[in-house]
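Trainee: model the structure of this input:
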Amino acid sequence: MADPAEQADAPQPPVCLTATADDFAATDINAPLAAAKTIDCTEASSLLGAAANAAEAVQRHAEYRAYSMLGAIASFYFKPENQAEPYGPMMRFEGKRTAQPDDFSKAIAQMLAAQLERVSHPGLRARLADLVWIVDRKQHAAAAEAVAAYAAIVDALVEKSATLRRGQADEHGHEVPQFLRRALQIGKAIGWDKDVVLKARGQVAALRKSSVETAKTFSHIRFATLDLDYQISDPIEIATDAQRLAATADSEDKHRLLHLAARAHRAAKNQTGRDACLVDAAEALVAVAEAQKHSAMAETHWLEKAITELRRLPAAKERMRALKHRLVDTQARVLDEMQSMSTTDDISELIDNARAAVTGKQLSQVLRVMAHATRSHAPKQLRDEALRSISEHPLSSLFGSTHYDHDGKPVHRTSGGGIADGNDEAVLEHMARSEKIRRSLVVASIIEPARQTIILEHTIAETQIAILCRHSVFVPDDREALFVADLLHFFHGDMIAALHILLPQFENSLRHVLRLHGHDVIKLNEDMTQESFGLTQMLTRLRPELETIFGDAVLAEIDSLFLYRGGPQLRDRTSHGLLHHWEPFGHDAIYACWLVYRQLCIPLLPHWGKLAPSLDQ
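Mentor: Presented below is the predicted three-dimensional model:
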């Protein structure tokens, strides 16, 4: 027998799952909903929640449990576009959430099925019947009742005898296609030709036609899309109506309507009509671009979209070529519209500290200090900081961003994220942005002041740098002279030579270290030729091995500096000659050269004392 104490400590189910058939028999389900002004479940949930609280206050426990269950069901978040999970919790908290269909058992579903006839509120009746069907797929009568209830909601809105939660009585509101979409989803499962399903199908076709007569563009797109999704009407009729509306629509609306018409023509297997609509749709985007002559950036955006659509159409090659020439000319004006934004911070104390750390010291000491200028940050730390920043400043990630190169060409785009939703692109963008700021600060306040002080106080010759290169496992024997010459360029401030030699050698040194650890860095091609892994391939195929050797923080810096398209992308841009002559003197390039120096020195740090006499000689 279970210990009573253990039973008392066992977690109790939430009250919204404890109502019984007897509770419902003793409860007037419709009483709280008499005050409802809409047929929307959101209002019903609020009224039922208030009734549950009132019943609890006077210890009417049966009503409390029944109203709590009904209020929880009415609170579901309705998302019929997700057929697999048409309902979800209205809210999520840390480790908690509101109710969702998975919380309810088949026994509860069977009990609720017996209550459907009692419910007079069409929104709640549709919700209850739908839940019963979701939980227990044997409840076909409940499924049919759900379809009938959704159709009844639409009828009430058409007849203007009911409104939705925003006070709308118009059947062309965006919620109506959602109700019908869910009705058709259920109808597909229980019988496409049942009377209740035929009624819902007829409502879709009728509302699509009425949206044409009243020239309601957005409503027509929603109902026509639903019509096409479920193949209710003749697609040629849908295409004709969409093209008729497009003839008098504004440019962006015209674009949407023509795409709808193209889809309908495709459903009717009319390839010629489809292609013609797609060409016209692209030209509608060109018209939007024409209206944006005041902004080269906006004009570029719409021209890019038009070109993207024309790429699908072989017959539009000449038009696409003409638009590409126009795009290049427009992009040349993009940089003229951009403004520099800067902030001023006093880093004089940091600069003084960096100089003091190397002033008056032996060469061996300052070379060691230089290797310790900063440390790489672990990816988890960077991600946590980015998520915290997004949470504190949600608007910073709400909108997407576009990165332009020096010629005004867009080279990288990131999509916007929701309010602190952890969107991966938004997080990576924040991480790259914060790392760029950190690198700039480190270079301006530590690396450059220290480097300049070292050069003023010491004569660094090939012999000293050769000592470091000769003893570092990071430098292959056959590349020692290259590293020596290039590190001298770095210390003497010749960043053009330093960057263009060090970065390719850094990539080779990664292969060298992997080979020393027994890892294969050769790729066998289909024609049986062989080639060495490049940096991208190493970070893709051998990332765990590289992280074991160098640590995930260093790998994150390599990604950020050399590969990430939203960052400086130094590896590809240097290799392909895309750097402008001032960029090697920028903070990112200087930091990249210093990073190579640090990786060369790290294996030597435990033995630095033995190297010091030779360095100071």
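
Trainee: which residues sit against the longest helix anywhere in the chain?
Mentor: If you go by DSSP state H, the chain has its longest helix at helix 495-516. The contact list for helix 495-516 (CB atoms under 8 Å, 6 or more residues apart in numbering) reads 473-476, 479, 482-483, 485-487, 489-490, 521, 532-535, 538, 542, 545-546, 549-550, 562, 570-571, 574-575, 579, 581, 584-585, 589-590, 592-593, 595-596, 599. Where C-beta positions appear, they are placed from N, C-alpha and C, glycine not excepted.

Trainee: can you give me the end-to-end span of stretch 461-477?
Mentor: Distance between the two ends of stretch 461-477: 19 Å, counting by CA to CA, to the nearest Å.

Trainee: same check, this time on stretch 15-35
Mentor: Stretch 15-35 end-to-end distance (CA to CA) = 24 Å.

Trainee: helices of the stretch 1-150 of the chain, residue ranges please.
Mentor: Per DSSP state H, counting those that start in this stretch, the stretch 1-150 of the chain carries helices over the ranges 4-9, 21-25, 41-57, 61-74, 106-113, 122-135, 140-158.

Trainee: quick one: the fifth one to chain centroid distance?
Mentor: What that stands for is helix 106-113. 39 Å (CA atoms, centre = their mean, to the nearest Å).

Trainee: quick one: the strands in the chain, in order.
Mentor: 77-78, 87-88, 92-93, 96-97, 401-404, 410-414, 522-524, 530-532 (DSSP state E).

Trainee: what is the burial count for Phe562?
Mentor: Other residues lying near Phe562 total 24 when counted by other CB atoms under 10 Å.

Trainee: skipping adjacent residues, who's closest to it in space?
Mentor: Arg571 (3.8 Å; CB to CB, 6 or more residues apart in numbering).

Trainee: report the contact partners of that neighbour.
Mentor: Contact analysis of Arg571 by CB under 8 Å, 6+ apart lists Leu503, Glu507, Leu535, Phe562, Leu563.

Trainee: nearest to Arg319 among those residues?
Mentor: Arg319 has its nearest neighbour among the contacts of Arg571 in Leu563, at 35.9 Å by CB to CB.

Trainee: which ones are touching Arg470?
Mentor: Counting by CB under 8 Å, 6+ apart, the residues that Arg470 touches are Glu480.

Trainee: ah, wrong one, I meant Phe179
Mentor: Phe179 makes contact with Pro80, Ala126, Tyr150, Ile153, Val154, according to CB under 8 Å, 6+ apart.

Trainee: report the separation between Gln579 and Val596.
Mentor: You called it Gln, but residue 579 is Leu. 17 Å (CB to CB, to the nearest Å).

Trainee: these two: which is more packed in?
Mentor: Taking neighbours as other CB under 10 Å, Leu579 and Val596 compare with Val596 leading, 22 against 19.

Trainee: quick one, helices of the stretch 151-300 of the chain?
Mentor: 175-190, 195-213, 217-229, 235-246, 251-267, 271-290, 296-310.

Trainee: out of these, which comes closest to Ala113?
Mentor: Closest among these, using CB to CB: helix 175-190, at 14.5 Å.

Trainee: can I get the helices of the stretch 151-300 of the chain in TSV including mean pLDDT and distance to Pro379?
Mentor: Shown next, in TSV, are those (pLDDT from 0 to 100; distance: least, CB to CB, whole Å):
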stretch	mean pLDDT	distance to Pro379
helix 175-190	94	40
helix 195-213	93	49
helix 217-229	93	41
helix 235-246	94	48
helix 251-267	93	40
helix 271-290	92	39
helix 296-310	84	32
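
Trainee: from what I can see His172 touches Val212, true?
Mentor: No - His172 is not in contact with Val212 according to CB atoms under 8 Å; the separation is 11.4 Å.

Trainee: in the chain, where is pLDDT below threshold?
Mentor: Regions of the chain meeting the criterion pLDDT under 70 cover residues 1-11, 165-170, 334-345, 390-423, 425, 430, 528, 578.

Trainee: flag every buried residue along stretch 111-121.
Mentor: By 16 or more other CB atoms under 10 Å, the buried positions in stretch 111-121 come out as Met111, Leu112, Ala113, Gln115, Leu116, Val119, His121.

Trainee: stretch 138-153 too?
Mentor: Buried positions in stretch 138-153, judged by neighbour count with 16+ other CB under 10 Å: 139, 142-153.

Trainee: which other residues reach it?
Mentor: By CB under 8 Å, 6+ apart, stretch 138-153 touches 39, 109-110, 113, 116, 122-123, 125-126, 129-130, 132-133, 136, 162, 179-180, 182-183, 186-187, 189-190, 194, 196-197, 199-200, 203.

Trainee: can I get the buried part of these as one PyMOL selection?
Mentor: Those of the contacts of stretch 138-153 that count as buried under 16+ other CB under 10 Å are selected in PyMOL with:
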select buried, resi 39+109+110+113+116+122+123+125+126+129+130+132+133+136+162+179+180+182+183+186+187+190+194+196+197+199+200+203
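
Trainee: follow-up on the earlier one: nearest to Trp608, of the contacts of Phe179?
Mentor: Pro80 (66.6 Å).

Trainee: run through the residues that contact the residue nearest to the closest one when sequence neighbours are not counted.
Mentor: Closest residue in space to Pro80, ignoring its immediate chain neighbours: Arg182 at 4.1 Å, by CB to CB, 6+ apart. With contact taken as CB under 8 Å, 6+ apart, Arg182 is in contact with Phe78, Pro80, Pro86, Asp130, Ala146, Tyr150.
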